[in-house]
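Asks: below are the sequence and a predicted model for it; my questions follow.
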Amino acid sequence: MSETAAEPKPSNSASPARRAASGPEPVILRSWPKIIMMVPTLIMAVICGLLMALFFAEAPPPAAEFTRAHYVGLFFLLVLAINMTLLLYDLSLRGFIIVALFIIAVILGLFLLNQHVHGKVWTTLGRALSLRVWANSAFYFTLALVLLINLGIAWVITRFNYWKVENNEIIIHQGFMHEQERHPTAQARFTLVIEDIVEYGLMGSGKLVFYFGDDSSQHELTTVLFVHRKAKALDELLGRVAVVEK
């Protein structure tokens with residue numbers, strides 16, 4: 001009677017080694033439009049819309065005194081103004097420190113002036129800031145919807161315009177017609193630049209500048225989200241390529 005030996009089952013232990021031999025995972029880089037920095041305004045619009053819908057559904061009369069509903073409008077305008085300012089200007093670390101010191105100096109100056117004029121400074125500021133700004137929940141939700149639609153369009157754009165950094169080459173995808181530009185990974189170098197410290201604090205975004213040795217060209221990717229995480233993955237991939245080349 002013949003016995004048939006059982007065929008050995010394929011071991012799964014080879015799969016991690018096979019994956020390690022194939023190299024690290026490709027790194028996807030996307031340059032986002034500046035509209036991504038309006039996320040704080042979007043969040044604040046949703047919060048203010050919920051507050052107005054739940055607690056301040058009825059509009060106050062025109063001659064009403066300053067109420068809590070007016071605080072909601074003023075706080076939203078403050079966030080919107082700061083967000084728009086940050087969107088227009090890049091604030092480096094040096095500029096951020098200068099602005100922070102300037103604000104501290106102004107506040108200290110107001111304290112000293114208030115003591116000199118017997119408390120009239122805060123009274124004047126209170127009257128100036130007691131604007132009766134009011135908007136219903138429909139306004140906030142409509143604004144949030146507009147921002148959400150624009151963010152959705154930005155998301156779609158980044159699906160067609162992105163970089164794919166692989167073991168052997170860097171593929172630059174451009175446009176809806178899937179145009180491509182290719183460069184060898186072994187001749188590529190990059191630099192991480194943080195131009196706006198506030199944008200980096202909000203979204204971890206920064207700029208990646210690539211230098212390609214095959215055609216001596218330079219390409220920039222602005223507003224790359226979580227840029228330090230991407231740079232770490234690029235360091236690992238390019239480092240392995242350099243070791244293989246040696």
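Replies: Arrived safely.
Asks: which element is Lys164 on?
Replies: Per DSSP states H and E, Lys164 falls inside strand 162-165.
Asks: now for that strand, which elements pack on it?
Replies: In this structure, strand 162-165 makes packing contacts with strand 27-29, strand 169-174, judged by 3 or more CB pairs under 8 Å, 6 or more residues apart in numbering; DSSP states H and E. Backbone N, C-alpha and C define where each C-beta goes, glycine included.
Asks: need the ones you listed in JSON lines with distance to Ala144 and mean neighbour count, can you?
Replies: Converted to JSON lines, the helices and strands packed on strand 162-165 look like this (distance: least, CB to CB, whole Å; neighbours: other CB atoms under 10 Å):
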{"stretch": "strand 27-29", "distance to Ala144": "28", "mean neighbour count": "18"}
{"stretch": "strand 169-174", "distance to Ala144": "31", "mean neighbour count": "16"}
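Asks: now these in JSON lines, with mean pLDDT and distance to Thr222?
Replies: Shown next, in JSON lines, are the helices and strands packed on strand 162-165 (pLDDT from 0 to 100; distance: least, CB to CB, whole Å):
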{"stretch": "strand 27-29", "mean pLDDT": "92", "distance to Thr222": "11"}
{"stretch": "strand 169-174", "mean pLDDT": "90", "distance to Thr222": "14"}
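Asks: closest to Glu199 out of those strands?
Replies: When those are compared by CB to CB, strand 27-29 sits nearest Glu199, at 16.6 Å.
Asks: which other helices and strands contact that closest one?
Replies: strand 162-165, helix 227-245.
Asks: which of these is buried the deepest?
Replies: Highest mean neighbour count of those: strand 162-165, a mean of 20 (counted as mean count of other CB atoms under 10 Å).
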